[in-house]
Every structure is written in C-alpha cells, then in structure tokens.
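>>> Task: produce atomic coordinates for the following.
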Amino acid sequence: MRRNGEMKLGLYLVQAGYHEGAWRDPSASADGGIDIEHYARMTSMVEDAAFHFVFFADTPSVVERDNASISRSGRNDGFEPITLLSALSSRTKNVGLVATATTTYNQPYHLARMLASLDRLSAGRAGWNIVTSGFQSEAPNFGESELPDHDARYSRAREFVQVVKGLWDSWEDTAFIRDKKTGIYADTSKLHVLKHQGEHLSVRGPLNTARPPQGYPVLVQAGASETGLAFAAELGEVVFTAEPSIENGKCYYKKFKEKVRAAGRDDDQALIMPGIIPLVGRTTEEALSKLQSLQSNTHLDVQLETADRWLGLVTDLRSIDLDSLVPEVLPRTNLIQSRQKVLLDLAARQKFTWRQLIRFISDSKGHLLVVGTPDEIVKAMVQRYDEHAADGFNVLPAVVPGALKDFVELVVPELRRQGRFRSRYSGHTLRDNLGLKRPLNQFVQPNAKSGPK
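Alright, predicted model coming up:
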C-alpha cells in the first residue's frame, strides 16, 4: 500500500505514562501497572479512535541500580506483555496488539508458540517487537554477569527470528483438515520439520500449533545503530525510532528505505514510526504548565539514574559538575548505542549542559517532545510525514489517561480534518490495517502442491 497522505498511529502505553514523574500526577492511576481495567480503558480509547495498534515495551529486570532510584520509580510493578495482551485480546476487536520480547534471553520455540497463540486469540492482530536486550541488569537474571557483545546479540537475533519464522511455517494454512469420517486430523504432507542447526541455536520443530492467522505476527524493530539498521532493513515491518530532529529523521528515513530496497524488499513494506510525546494544551502556556508539573514530580535521583542508563552506563552523573557542557563524545556503550548517539548529537546541537541534558532525557528519553496546542502538534506531525521523516507515529502519552485523552479528543480530529488520519478500520488483521502483505509459507512454492514428508 503506497502512501496516501494518512499516517499510521500506535499507542506506546507505560503504566501511568511515559514521563518519569507521571505516577505522581493527581490524574494518574498510581497502581495502573497492575490494573487490567486501567489498560483496558486506554486500549478501548484508542480502538475507538481507530489507532493501528497498542504497544507494550518490556525489560525482564529492575533497571535501576540503587534503592534511592528504585524507591522513586513507578516502573517495577507491571505485567509481562504477552500475558497482558492475551487478556486484552478478548476485550478488543480491531486494534493491533504488539508485545516486546527479547531474543537474547528467550528460546525461539517458546516465543513462537506464545506469539502464534496471541495472533490466534486476537484473530490476527498480534505484533512482535524484536529486541536484543539493552540493559545490563538483565544479564544476571539469566546466569550471565555481562550482556553479550552488541554485534553478537544481533547475530543471535537474526538467527532467532529466522527460526521463529520457520516454526510458524511448520504447518501449511490448510494442514488441519479435522475430518471426522476418515479419522484424519492433520494432512502431514503439509507438515514441515525445521531441523535447524545454526551458530547460536539448535531447534528441530515442528511447532505444535497451527500457522498464525497473519502468517507471521507483524515484525517490529527499533534498530538504529549500523548493525541494528541492517537488521531492521532485512526483517522489520514496522520500525520505531527516537529522533527529535526532523533533518536527522529525514536522513534516517532515506538511508533505511535504501537498505530495505537493497535487501530485496518493497520499501512500503517497512514503515518508519518515530516516537512522539504530545503534551496538549488549549494554549501553549497551558501545555507548558503540564510539563512543568510533571518535572516537579520527578526527583533528581530518578533523573540521574534515567540519564545514566540511556547514555549507556558510561558516566557517573552524581560525580559530574552538572553545569558543565556535555562533551561531544562519550565512551562507546555495549548497551543501546543508537540512543546514546541521538542524545549526544542533540546535546552538541543545543550546547546543553549536563543539567539540561538530564532534564531532557527525563522528559523524553530522546523522543520528539511537542508541547503546545493541537495545531502546533499536528503541524509537527504533518511536516515530518510530508518531508519523509515518518510514515506515522508511536504516540507516547506523558501521563495517562490525561495526555492520551487530550490527544484523542483534540489532535486526532484535526488530523482527520486535514485528511491525515482515518476514521475507521480498513481491514480485519493488523497487517491489513497497516497495508502489509501476508507472508507466504517459506516451504511452499507459489502455485505448487506440497509433496509428502
């Protein structure tokens, strides 16, 4: 599906909201992270607004490193995403359900089963956000002292995804005939045993569940380092980015689409959806007041810990003169390399002090933060769409339900008035609604019949 002027929209939902101070906001549900009704309300709100999907991030660890920051963080009492989305699948009909799961600390067979089940439970609305683990705190939970090397994580991820796709293709779409008269439940001529032996993984197969309704759940990725970019261009169908600069976003968009074509794929089958944090006010001053309120609720311990983490744990901000300028270069991290680069590039352009950068990271973590009226937010979104810096946006409300409600009620109608966002769902599956093709079974030649196995 070629661009028609209508952008794609997803909701990135985190407990009380994306801002670190969100849980203290008077309008927020402080215990929302463990309240299924809270998630159901937010999901229903965006389904009514015809958003393409809801997205849940995940890290299988407590990421804060000391009790001072752990005690003030509102992030450590959430649900595991696939479990949560499985519950939400029965409460929704149209909106896509995207779960994050790491290839570093999972096994492909387990994950293939869970995601195939989510796709079946939701009648074809599942997506998988493929991550390689970017936080050092994860390693000790799985018997390791350190994260594997950045490039090694991507090497395993590439093989992992190929194995999962092979497992999803274990059975052809028409393999389960369930013929009571003959007593034949499954046509084994349409069964394919993977028998994978690779550098990182050994998986025989087949998967003991039918092929997902979408063929594969939609494959989502966020790679922006050189290694991550190549991985996303090869496999990603929706790519999340963090880039506040429109010029850098345009450069990324052009480079990524070129790599997609070089990988032999149609570039309209890989959608770029940067994160946007919209703080909406009926006036700019009202919107700024909302941001200032959130900032006042964020303790310095949390700000320092958050900044250290997103800069890749190569600094100790508690020992730095916070009023000194941020250097242009820091030691390279083995964690999330692309985010470190985005933040350092921004600091260099803006000539930030450490104090200013720390506040920026606390507010946005490197995503586009737009504080203003509905018209100002729509203008920023439309400009990035029209100038080919985005195919749509992953909306990260700073606090929920308030900031999400403002976006749905004030921004979405203006997007529609300008012909930039749809008013209803156009298909039955997440792939249909995103304009993505259903993949063929890799073991079946088009227009050819399978032979016995």
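>>> Check which helices and strands the longest strand belonging to the chain is in contact with.
Ranked by number of residues, the top strand in the chain under DSSP state E is strand 271-280. Helices and strands touching strand 271-280, by 3 or more CB pairs under 8 Å, 6 or more residues apart in numbering; DSSP states H and E, are strand 8-12, strand 238-241, helix 246-262, helix 284-296, strand 368-372, helix 374-386, strand 392-395, helix 402-406. C-beta: built from backbone N, CA, C; applies to glycine.
>>> Single out the most deeply packed of these.
Of all the helices and strands packed on strand 271-280, strand 238-241 has the most neighbours on average by mean count of other CB atoms under 10 Å, namely a mean of 26.
>>> what lines up beside that strand in the sheet?
With DSSP bridges as the test, strand 238-241 is paired with strand 218-221 (parallel), strand 271-280 (parallel).
>>> closest one to residue 23 among the ones you listed?
Distance to residue 23, taken as CB to CB, is lowest for strand 271-280 among the strands paired with strand 238-241, at 16.1 Å.
>>> burial count for residue 437?
13 (other CB atoms under 10 Å).
>>> what residues are up against it?
269, 431 (CB atoms under 8 Å, 6 or more residues apart in numbering).
>>> Name the helix or strand for it, please.
Following DSSP states H and E, one finds residue 437 outside all helices and strands.
>>> Kindly provide the distance from it to residue 266.
Distance of residue 437 to residue 266, given as CB to CB, to the nearest Å: 8 Å.
>>> can you check residue 10 too?
From residue 10 across to residue 266, the span is 21 Å (CB to CB).
>>> Kindly report the same for residue 17.
Distance of residue 17 to residue 266, given as CB to CB: 36 Å.
>>> Just give the closest residue to residue 218, not the sequence neighbours.
Closest residue in space to residue 218, ignoring its immediate chain neighbours: residue 127 at 3.8 Å, by CB to CB, 6 or more residues apart in numbering.
>>> what's the burial count for the one you found?
Neighbours of residue 127 under the rule other CB under 10 Å: 32.
>>> again with residue 412
21.
>>> same thing with the one 4 residues further on?
Close neighbours of residue 416, defined as other CB under 10 Å, add up to 15.
>>> could you point out which element follows the lengthiest helix in the chain?
Secondary structure of the chain per DSSP state H: the longest helix is helix 150-168. Next in sequence after helix 150-168, counting helices and strands by DSSP H and E, comes strand 176-179.
>>> Please state the offset of that following strand from the chain centre?
Computed by CA atoms, centre = their mean, to the nearest Å, the chain-centroid distance of strand 176-179 equals 37 Å.
>>> by contact count, what packs against that strand?
Under the contact rule (3+ CB pairs under 8 Å, 6+ apart), strand 176-179 is packed against strand 184-186.
>>> Show me what the mean pLDDT comes to for the strand it packs on.
Here strand 184-186 scores 98 as its mean pLDDT.
>>> Quick check: neighbours of it in the sheet, parallel or antiparallel?
For strand 184-186, pairing defined by DSSP bridges yields strand 176-179 (antiparallel).
>>> Can I get the partner strand in CSV, CA atoms only?
This file holds the C-alpha atoms of strand 176-179, laid out as CSV (Å, rounded to 0.1, in the frame of the first residue of the first chain):
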residue,chain,number,x,y,z
PHE,A,176,-5.5,-29.2,9.8
ILE,A,177,-8.5,-30.8,8.0
ARG,A,178,-10.1,-32.4,11.0
ASP,A,179,-12.1,-35.0,9.0
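>>> pLDDT of it, averaged?
Computed over strand 176-179, the mean pLDDT rounds to 97.
>>> what's the burial count for the closest residue to residue 355 other than its chain neighbours?
Closest residue to residue 355 apart from its sequence neighbours, by CB to CB, 6+ apart: residue 322 at 4.2 Å. Residue 322: 15 surrounding residues under other CB under 10 Å.
>>> where does this structure dip in pLDDT?
Per-residue confidence for the chain (pLDDT under 70) gives these ranges: 1-2, 447-453.
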